[in-house]
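[1] Requesting a structural model of the entry that follows:
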Amino acid sequence: MISDDKTTPAILCRHVASGYNGNVLMRDINLRIERGEIVFILGGSGCGKSTLLKHIIGQVPPISGEIHILGREMTGVQSEADYLQTLRSFGVMYQSGALFGNLSVLENVLLPLQEFSGLPPAVCETAARMRLAQVGLLSRADAMPAELSGGQKKRAAIARAMALDPPILFLDEPGAGLDPITSASLDALIRRLSRELGMTVVIISHELASIEAIADRAIYLERRVGGVLDQGSPHYLKTQSPYAEIRAFFNRQSEVSL
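    Numbering: from 1, shown residues only. Take a look at the predicted model:
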């Protein structure tokens, strides 16, 4: 079961071999993410960042290794009750937002509440409107996704991911396709929500401005070593990492030889 012990990490990966259909991307991923942290997962193209995310949230089983969320092992067999409880422990915002085009913004946020909360309809709607207010979209509750700007779609997707009040939020490329001002506004929202609600936030992104603005820590995956090459604060990785490719990444330098 999920641990209430605050010293239990939000996410723990032990010797995870990542990949799919027999294609091994990483051989030995070991990482620990504490409760309340904002952590970015980085790495070169094709190293398996998005695949690792799918492993962690249970979409795709890892080839081997252990993944724990809030003390519960995700890689073992779960009963239906355990699976439903696990679903409520995290929310996911996909890169495209993945809003249902035939549902209004409010209806999109209502959906997980209706499916999994067991609350009366009126309570579900109140909770959904509260989430929209938290992301600054309450005035657009009745709008359809096609009527929203790119930044508004991302905010609506975050509201839906937060619908069940999860302690962990996963964001896949939240700033993709946004202009710098809108992206900075989204960064500020993510930071505020994490601090106000005590959520752990795990972000897959290469947006340096976002990493430097809101990350407590960044974890750099490297396919050459089959796992985590280095990790730490953005300042550490930019100025003190012993790995030239990581310093080059954070300093926007051209490719260095490995």
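[2] contacts and neighbour counts: CA atoms only from here.
    Noted.
[3] Now do the buried residues in the strand or helix carrying Ser183.
    Secondary structure assigned from DSSP states H and E places Ser183 in helix 180-197. Across helix 180-197, burial judged by 16 or more other Cα atoms under 10 Å covers Ser183, Ala184, Leu186, Asp187, Leu189, Ile190, Arg191, Arg192, Leu193, Ser194.
[4] which element follows it toward the C-terminus?
    Toward the C-terminus, helix 180-197 is succeeded by strand 200-204 as the next helix or strand (DSSP H and E).
[5] Could I get the phi/psi values of the closest residue in space to Arg27 that isn't next to it in sequence?
    Spatially, and ignoring its direct neighbours in sequence, Arg27 is nearest to Ala17 (4.3 Å; Cα to Cα, 6 or more residues apart in numbering). Per-residue torsions, Ala17: phi -90, psi 120 (degrees, to the nearest 10).
[6] ok, now which ones touch Ala17?
    Val24, Leu25, Met26, Arg27, Asp28, Ile29, Pro62, Ile63, Ser64, Gly65 (Cα atoms under 8 Å, 6 or more residues apart in numbering).
[7] try 10 Å this time
    Counting by Cα atoms under 10 Å, 6 or more residues apart in numbering, Ala17 touches 24-30, 52, 55, 61-66, 226-227.
[8] was I right about Ser104 contacting Arg140?
    Yes. If you go by Cα atoms under 10 Å, Ser104 and Arg140 touch, sitting 9.0 Å apart.
[9] related to what we said a few turns ago, touching the helix holding Ser183 from outside, list them.
    Taking Cα under 10 Å, 6+ apart as the rule, helix 180-197 contacts 36-38, 134-136, 150-152, 154-155, 158, 162, 165-169, 171, 174-178, 198-201, 207, 209-211, 213-215.
[10] and Leu70, how many neighbours?
    Using other Cα atoms under 10 Å, Leu70 is surrounded by 25 other residues.
[11] which one is it nearest to, not counting chain neighbours?
    Ala10 (4.6 Å).
[12] rewinding a little: between strand 200-204 and the helix holding Ser183, find me the angle.
    Between helix 180-197 and strand 200-204, the angle comes out at 150 degrees (axes from the mean of the first three to the mean of the last three Cα atoms, to 10 degrees).
[13] got any ranges where the stretch 1-150 of the chain has weak pLDDT?
    Counting by pLDDT under 70, the ranges of the stretch 1-150 of the chain that qualify are 1-5, 76-87, 96-97.
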